[in-house]
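J.: For reference, the sequence and a predicted model appear below.
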Amino acid sequence: MDRLHADALRTFTGKAFEQVGVPGADAKTIAELMIEADLQGSDGHGIFRLPQYIRRIEAGGVNPRPKIRVERERAAMALVNGDNGMGHLAMKFAAKLAVEKAREAGSAWVGVRWGNHAGPASLYARMPARENMIGMYFAVGNANHLPPWGGVEMLLSTNPIAVAIPGGEEPPIVLDMATTVAAFGKVKTKAQRGEQMPEGWMVDREGRPLTDPKRAHEGFLLPLGGHEGGYKGYGMALVFGILAGTLNDAAMGRDVIDFNADDASPSNTGQALLAIDVAAFGDLSDFRKRIDALSRDLRGSERMKGFERIYLPGEQSRARHAERSRLGVPVPPPLLAALNQLGERLGIGRLA
């Protein structure tokens, strides 16, 4: 597949948003976060989503010029109204606010309502980590692909969590995971590329393995833990959804809009970000040293036969970021064709 430089992808993405009424500064912010997703290997959350995002703006499902604002706040919390704008904008606003409040209060929880899909969770958990804080992010997914444990009615989404913890000489530890075995974005990218899914991602309504991503509508994702321990993933999806959605009076359960099938309805996506100021708990440099020591202990520990290396959360995406920054982002032919078609329709030219 073609590899395209990140700068070219950012420019194209920014121009596309401007063509549908997004102000230049906002378009640049969205483009930067989307292509950052591609660089770190979150292929289902980067430029892959551009045609869908543009369709939703054009159909009225997303507000291109939101007035993002704080609706409620106390010393260590805030509730942000994203005004149905792009989720990337609402979450960047929320992260900045959480960091500011955590500097004063030691920690801060910021919830978001009337947001939208914002890409991979780790983008926002990393923002407090860059400020010497621990960042935690929760979200309600933008379509329900998961039934309650033992059921077949899809009332829950992949509801992800991300945690970013700063290190010293060692890089930050960054956990980013859905509460399902695979995020639905991975199913969509498999379908576009004409690839099969591994067994264990999805099952049909009879519980049989489903490996054709083009038949995804016939079944549902399996929660973390799979056939045996899936009650754990189900429980996490429920609790994270309450924290990010129900607490903020955002969509949860039956109220979730399937933004894959509905371009015109506002999604009222709920998200939450927690920032914890490490310095409020003790000396920052000592904490960094302890994280470094723990990272080295884990990486250097005795390996099981067949494993060449022990990775910490975030290491593989960081390596992918370095490789793609150097060589370009892989863009599969079907995606490139869709982006070129979009560019021609919007009058910004072809990507490649």
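T.: Received the coordinates, thanks. Quick caveat: nothing in here was measured; it's all calculated off a predicted structure.
J.: residues touching the residue nearest to Gly60 when sequence neighbours are not counted, list them.
T.: Counting by Cβ to Cβ, 6 or more residues apart in numbering, Gly60 lies nearest to Ala264, which is 5.4 Å off, once chain neighbours are set aside. Yep, even glycine has a C-beta here, placed from its N, CA and C like the rest. The contact partners of Ala264, by Cβ atoms under 8 Å, 6 or more residues apart in numbering, come to 56, 59-61.
J.: please redo it, this time with the cut-off set to 10 Å
T.: Contact criterion Cβ atoms under 10 Å, 6 or more residues apart in numbering gives 55-56, 58-62, 257 as the residues in contact with Ala264.
J.: With pLDDT, neighbour count and secondary structure as extra columns, can I get those in CSV?
T.: Listed next are these as CSV, based on pLDDT from 0 to 100; neighbours: other Cβ atoms under 10 Å; DSSP: H, G, I helix; E, B strand; the rest coil:
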residue, pLDDT, neighbour count, secondary structure
Arg55, 98, 16, helix
Arg56, 98, 23, helix
Glu58, 98, 16, helix
Ala59, 98, 12, helix
Gly60, 98, 13, coil
Gly61, 98, 20, coil
Val62, 98, 25, coil
Ile257, 96, 18, coil
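J.: Next secondary structure element downstream of the worst-scoring helix or strand of the chain on mean pLDDT?
T.: Least confident helix or strand, the chain: helix 184-193 with a mean of 89, by mean pLDDT, DSSP states H and E. Stepping forward along the backbone from helix 184-193, the first helix or strand reached (DSSP states H and E) is strand 202-204.
J.: Okay, and the residue nearest the centre of the chain sits in which element?
T.: Among the residues of the chain, Pro120 comes closest to the average C-alpha position under Cα atoms, centre = their mean, at 1.9 Å. Secondary structure here is read from DSSP H and E; on that basis Pro120 sits in neither a helix nor a strand.
J.: and the gap between Gln271 and Arg113?
T.: For Gln271, the distance to Arg113 (Cβ to Cβ, to the nearest Å) stands at 9 Å.
J.: got it, and Thr13?
T.: 26 Å.
J.: Likewise for Asp292?
T.: Using Cβ to Cβ, one obtains 38 Å as the distance from Asp292 to Arg113.
J.: Pick out whichever of the two has more residues nearby.
T.: For Asp292 versus Arg113, neighbours defined as other Cβ atoms under 10 Å are more numerous around Arg113 (23 against 15).
J.: C-terminal to the helix or strand hosting the more buried one, what's the next element?
T.: Secondary structure here is read from DSSP H and E; on that basis Arg113 sits in strand 107-115. Per DSSP H and E, the first helix or strand lying C-terminal to strand 107-115 is helix 122-129.
J.: Next, the buried residues of stretch 25-44.
T.: When burial is assessed from 16 or more other Cβ atoms under 10 Å, stretch 25-44 yields the following buried residues: 26-44.
J.: repeat for stretch 325-340
T.: Of the residues in stretch 325-340, those buried by neighbour count under the rule 16+ other Cβ under 10 Å are 328-329, 331-332, 335-336, 338-339.
J.: And those, which two are furthest apart?
T.: Farthest apart among these by Cβ to Cβ are Gly328 and Ala338. That separation is 18.2 Å.
J.: still on that earlier bit, what is the least confident helix or strand of the chain packed up against?
T.: Secondary structure elements in contact with helix 184-193, counted by 3 or more Cβ pairs under 10 Å, 6 or more residues apart in numbering; DSSP states H and E, are strand 219-221, helix 333-346.
J.: Go again with 8 Å.
T.: Packing contacts for helix 184-193, counted by 3 or more Cβ pairs under 8 Å, 6 or more residues apart in numbering; DSSP states H and E, involve helix 333-346.
J.: tell me the mean pLDDT for the helix it packs on?
T.: Averaging pLDDT along helix 333-346 gives 97.
J.: picking up where we left off before, need the overlap of contacts for Gln271 and Arg113.
T.: Once Cβ under 8 Å, 6+ apart is applied, the residues that Gln271 and Arg113 both contact turn out to be 248, 250.
J.: excluding its backbone neighbours, what's nearest the residue nearest to the centre of the chain?
T.: Nearest in space to Pro120, with sequence neighbours left out and distances taken as Cβ to Cβ, 6+ apart, is Ser42 at 4.0 Å.
J.: Now the one you found: which helix or strand?
T.: Residue-wise, Ser42 maps onto no helix or strand under DSSP H and E.
J.: What confidence value was assigned to it?
T.: At Ser42, the pLDDT value in this model is 95.
J.: And it, how close does it get to Phe48?
T.: According to Cβ to Cβ, Ser42 and Phe48 sit 9 Å apart.
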